[in-house]
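**Student:** build the 3D model from these lines:
(chains A and B)
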Amino acid sequence: MSRPRAVSLALALRDLRGGAKRLRIFVACLALGVAAIAGVGSLGAAVRAGIAADARTLLGGDLELRLAHREITQEQRDFLTRRAELSEVAQLRAMARRADNAERRLVELKAVDGAYPLAGAVQLAPGMGMREALGRSDDGRWGAVAERALFDRLRVEVGDEILVGENRYVLRAVLEREPDRGVQAFFGPRLIIALESLPDTGLLQPGSLVYRHYRLAAPAPGAPEALTAELRARFPNAAWRVRGLDEAAPGLQRFVRRTELYLTLVALSALLVGGLGVAHAISAWLETRIQTIAILKSVGAGRGVILRTYAAQAALFAAVGILIGLAIGAALPWAAAAPLGERLGVAVRPTLYPAPLGLAALFGALTAALFTLWPLARDGRDPAGNTVPRPRRARRGAAVALGSGRHRRPGVGVRRLAGGERLGPASGGWLRRGRGHRRSDLPARGLRHGRAGAPRAAPATAGLAARRRQPAPPRRRARQLGPVARPRRDGADRGAPGRGKPQDGDRADAPGRRADLLFHRYSTGPARAVPRACDRLAGGEGL
Amino acid sequence: MPAPDPLPNSALIRLIDVHLKLESPAGPVNILRGIDLEIGPGERVGIVGPSGSGKSTLLMVIGGLERPTSGQVLVDGQDLARLDEDRLARLRRGAVGIVFQSFHLIPTMSALENVAVPLELAGAPDAFERAAEALDRVGLAQRLEHYPGQLSGGEQQRVALARAFAIRPRLLLADEPTGNLDGETGRSVMALLFDLAERNGATLLLVTHDANLAASCERILHIHDGRIEADRRGGRREAALA
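**Tutor:** Presented below is the predicted three-dimensional model:
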């Protein structure tokens, strides 16, 4: 590290000894935005990883051919069965009715063959195999399994009969887990029947929207790709759509991608809005450091030193905020894995995903840079004599750290830095100062918990508070102030808080001390307080 | 205005027709009204005048902390109007020490660190050693690690003196350095100030309300209403500090 940078870093760290409460907002804003982006990204990555890991199960095999309205030809079927294990599934929407026709419900009907499922396992309650659940019983009735929602809607139990089209089915089990379900826009609960029984329903009419899925279980790794190529070569005009493992659960993948994009945009917006909080926090922080900046400039700190010093502080706190955000975001997949996996039908895989975390960190860093460097840079440009508190009315918005040039009054800075507040008519400082001052101009304010701080003679302020309630004389009297009415704020610079009696070097100047305290109370109060203080001082109160 | 005494051949500070006018809602206020001044190397100049007469402003104009409305300010041969903020800062950390009435120490830094800051900014590799020596010279060798809030007013001002002299400045600007100190502490601080200035061969500009302190300087400027009303030479330093 170069020497100027090392000096700036050292100054930054020393300056932070006084605490940085105001930067908590800065950290919180960044942490929130980064957590949102990191969380959304990590969760999306976890879902995608789950889909990738369970691709075979979600697809129902290694390869799927999908046709609408029609079946494959016998030639095609023969070709497929020669090369891989084949399973056929037909899907359509139908109306399921209770045997007495008293209740009906739209269902997502799935007719499966005996090879279903090629990958994964169907979970039924009570536990049984699919053949047993869907097969034809001795009395000629077909079996069916359905999701619990259908049982509830039709008010039937396991063992009851339902009607699908013209066919009658016995509900033999509750479908608890369907391996290839994924996320689809379901219009009703799932009902699974045997493919063999589908023609008997009378639902297969010309024009019926029936999707045929032909799943293939490849005999060896790498075979799906070869089979796909062979299919394209052998049946170039086939109307099927071929999907491999990389397209497993396309609906789910599309849903995850869109949701992730939407939530990322929301999170990014939150981060940018949080950037306003960042800018405000930095501005507020810089206001508390004005005295230190002024001192640094008076002893020869240039613009670069000031900029680097406070940029280092901002970077430090930005890093803290980003790290907190990343930690929260990275933990989100663990927190959401169970409920989300249950809803999506995919085993969400919580782990650390560097890419979304890196992206979130990048966005956080850019936001921090965007919303902090501007006020910091402006501070560095300010003349040394201007680096002092300004009247409230001169401030324009949260991002204005140190006021704009046209509101700056050089004389104010010099007089404050010089330690002499001038209330006399010949003083440009007061005349140009306007109204109101910030407490931040107290040099000792930077330290916490008694290392240095408030004026030592704090008890005397009680009486002053009572005086403040008295009606103020006309403001114009402030311009008639004589030497006696020259309150100085210097008392705040002396001694540590809590020390009750004067120490070596303190001037036992009680009226002057009261004037100091009075100045302080009014200088840190509402905007109109200062002229009132001047008015009282002009009247000689307490002096 | 009475004619000033003969000026040194090579002035460290030269002000030519310096004006400073500030705007206020009630109209413009003239703080400095045509200051012409030359101060040679090693001179000790007391600046006196009533409150609001422009003493501190004059000091800050010379220190580059305030820019005049018109006129020319030359310090150590450099026209301050031509210097940007960075070059002004460079000038201050190389040649100018400033002592304020209210000390202006950085509260989050120890005495040693406060004194070391200008040295660090100047790139001194032995900043802390030199800062410790400077504090030793002002009698605060035992207070190196104390923070300003843990020091008395007199001690804080001595730290401020050590900070100002640590860079061995050619020009020292002191704005009522004893204004916040009791009489005895003030006298000891002033003795220290003069001693350090003499040992460093620094030019001293001292703003004060104390006629005795001003008399301890070789040259006294009387400022009134933004003008130099009198420029007298021949102080009685020893008597004043006795």
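**Student:** now the strands for chain B?
**Tutor:** All strands of chain B, identified by DSSP state E, fall at B:13-22, B:29-39, B:44-48, B:70-75, B:78-79, B:96-99, B:171-175, B:203-207, B:219-224, B:227-233.
**Student:** now the phi/psi pair for the residue of the stretch 251-400 of chain A found nearest chain B, please.
**Tutor:** Nearest residue of the stretch 251-400 of chain A to chain B, counting by Cβ to the nearest Cβ: A:Gly300, 2.2 Å away. Backbone N, C-alpha and C define where each C-beta goes, glycine included. Main-chain torsions, A:Gly300, degrees, to the nearest 10: phi 110, psi 10.
**Student:** residue contacts, it?
**Tutor:** Listed by Cβ atoms under 8 Å, 6 or more residues apart in numbering or on different chains, the contact set of A:Gly300 reads B:Ala89, B:Arg90, B:Arg92, B:Arg93, B:Gly94, B:Pro118, B:Leu121, B:Ala122, B:Ile167.
**Student:** what about the fifth one, neighbour count?
**Tutor:** When you say that, I think you mean B:Gly94. Here the number of neighbours of B:Gly94 (other Cβ atoms under 10 Å in any protein chain shown) works out to 16.
**Student:** okay but it is in contact with B:Leu121, surely?
**Tutor:** No. Assessed by Cβ atoms under 8 Å, B:Gly94 is found out of contact with B:Leu121, at 9.7 Å.
**Student:** pairing partners for the helix or strand containing A:Arg66, with directions?
**Tutor:** Element membership of A:Arg66 [criterion: DSSP states H and E] is strand A:63-68. Strand A:63-68 has its sheet partners listed here by DSSP bridges as strand A:211-217 (antiparallel), strand A:241-243 (antiparallel).
**Student:** next SSE after the longest one?
**Tutor:** To tie it back to what came earlier, the one meant is strand A:211-217. Next along from strand A:211-217, by DSSP H and E: helix A:223-234.
**Student:** tell me the pLDDT at A:Gly345?
**Tutor:** pLDDT, A:Gly345: 75.
**Student:** that one and B:Glu176: what is the separation?
**Tutor:** A:Gly345 is 80 Å from B:Glu176, where distance means Cβ to Cβ, to the nearest Å.
**Student:** check A:Asp15 too.
**Tutor:** Distance, A:Asp15 to B:Glu176, by Cβ to Cβ: 27 Å.
**Student:** what of B:Gly94?
**Tutor:** Distance of B:Gly94 to B:Glu176, given as Cβ to Cβ: 25 Å.
**Student:** could I have the strand holding A:Arg66 exported to PDB, CA atoms only?
**Tutor:** What follows is strand A:63-68, C-alpha atoms only, in PDB (Å, rounded to 0.1, in the frame of the first residue of the first chain):
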ATOM      1  CA  LEU A  63     -35.700 -38.800 -23.400                       C
ATOM      2  CA  GLU A  64     -39.300 -37.700 -24.000                       C
ATOM      3  CA  LEU A  65     -41.200 -37.500 -27.300                       C
ATOM      4  CA  ARG A  66     -44.400 -35.400 -27.100                       C
ATOM      5  CA  LEU A  67     -47.200 -35.400 -29.500                       C
ATOM      6  CA  ALA A  68     -50.600 -33.600 -29.400                       C
END
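**Student:** what's the local residue count around A:Ser208?
**Tutor:** For A:Ser208, the count of nearby residues is 12 (other Cβ under 10 Å).
**Student:** go on, the one 10 residues further on?
**Tutor:** Burial of A:Ala218, expressed as a neighbour count using other Cβ under 10 Å, amounts to 21.
**Student:** give me the pLDDT for it.
**Tutor:** Per-residue confidence (pLDDT) for A:Ala218: 77.
**Student:** other SSEs contacting the helix or strand hosting A:Leu175?
**Tutor:** Assigned by DSSP H and E, A:Leu175 belongs to strand A:167-177. Here strand A:167-177 touches strand A:123-125, helix A:130-134, strand A:142-146, helix A:148-154, strand A:161-164, strand A:190-194, going by 3 or more Cβ pairs under 8 Å, 6 or more residues apart in numbering or on different chains; DSSP states H and E.
**Student:** need the longest helix for chain B.
**Tutor:** Longest helix of chain B, by residue count under DSSP state H: helix B:183-200.
**Student:** ok, residue 223 - contacts?
**Tutor:** Because you didn't say which chain, this covers chain A. Remark: with contacts taken as Cβ under 8 Å, 6+ apart, A:Ala223 is in contact with A:Asp62, A:Ala84.
**Student:** correction: the question concerned chain B.
**Tutor:** B:Ile47, B:Val48, B:Gly49, B:Ser53, B:Gly54, B:Lys55, B:Leu58, B:Glu229.
**Student:** if we can go back for a sec, winner for burial among the strands paired with strand A:63-68?
**Tutor:** By mean neighbour count, with neighbours taken as mean count of other Cβ atoms under 10 Å in any protein chain shown, strand A:211-217 ranks first of these at a mean of 22.
**Student:** any idea of the angle it forms with helix A:223-234?
**Tutor:** Relative orientation of strand A:211-217 and helix A:223-234, computed by axes from the mean of the first three to the mean of the last three Cα atoms, to 10 degrees: 130 degrees.
**Student:** got the contact list for strand A:211-217?
**Tutor:** In contact with strand A:211-217 (Cβ under 8 Å, 6+ apart) are residues A:59-68, A:70-72, A:80, A:83-92, A:116, A:118-119, A:224, A:227, A:240.
**Student:** cool, and stretch B:192-203?
**Tutor:** Stretch B:192-203 is contacted from outside by B:12-13, B:39-45, B:97, B:99, B:137-138, B:158, B:161, B:165, B:168-172, B:174, B:177, B:204, B:206, B:216, B:237, B:241, using Cβ under 8 Å, 6+ apart.
**Student:** also stretch A:111-130?
**Tutor:** Outside stretch A:111-130, the residues that touch it by Cβ under 8 Å, 6+ apart are A:54, A:56-57, A:59-61, A:85-91, A:131, A:133-134, A:145, A:158, A:172-180, A:192-198, A:215-217.
**Student:** before we move on, the earlier item: I'd like to know how far the closest residue in space to the residue of the stretch 251-400 of chain A closest to chain B that isn't next to it in sequence sits from B:Arg137.
**Tutor:** Of all residues not flanking A:Gly300 in the chain, B:Arg93 sits nearest, at 2.2 Å (Cβ to Cβ, 6 or more residues apart in numbering or on different chains). Here the distance between B:Arg93 and B:Arg137 works out to 20 Å (Cβ to Cβ).
**Student:** who's more crowded, the two?
**Tutor:** The neighbour comparison of B:Arg93 against B:Arg137 (other Cβ under 10 Å) goes to B:Arg93, with 25 against 18.
**Student:** pLDDT weak spots in chain B?
**Tutor:** Applying pLDDT under 70 to chain B flags residues B:1-9, B:234-242.
**Student:** give the contact list for A:Asn167.
**Tutor:** A:Trp142, A:Ser197, A:Asp200, A:Thr201, A:Gly202.
**Student:** now these as JSON lines including pLDDT, secondary structure and neighbour count?
**Tutor:** Shown next, in JSON lines, are the contacts of A:Asn167 (pLDDT from 0 to 100; DSSP: H, G, I helix; E, B strand; the rest coil; neighbours: other Cβ atoms under 10 Å in any protein chain shown):
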{"residue": "A:Trp142", "pLDDT": "93", "secondary structure": "strand", "neighbour count": "21"}
{"residue": "A:Ser197", "pLDDT": "93", "secondary structure": "helix", "neighbour count": "20"}
{"residue": "A:Asp200", "pLDDT": "90", "secondary structure": "helix", "neighbour count": "17"}
{"residue": "A:Thr201", "pLDDT": "91", "secondary structure": "helix", "neighbour count": "20"}
{"residue": "A:Gly202", "pLDDT": "91", "secondary structure": "coil", "neighbour count": "12"}
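**Student:** can you tell me the helix or strand for the closest residue to A:Ala53 other than its chain neighbours?
**Tutor:** Distance criterion Cβ to Cβ, 6+ apart; nearest residue to A:Ala53, sequence neighbours excluded, is A:Arg349 at 6.2 Å. Under DSSP H and E, no helix or strand contains A:Arg349.
**Student:** quick one: A:Arg349 and A:Ala49 touch, right?
**Tutor:** Yes. Counting by Cβ under 8 Å, A:Ala49 is a contact partner of A:Arg349 at 4.2 Å.
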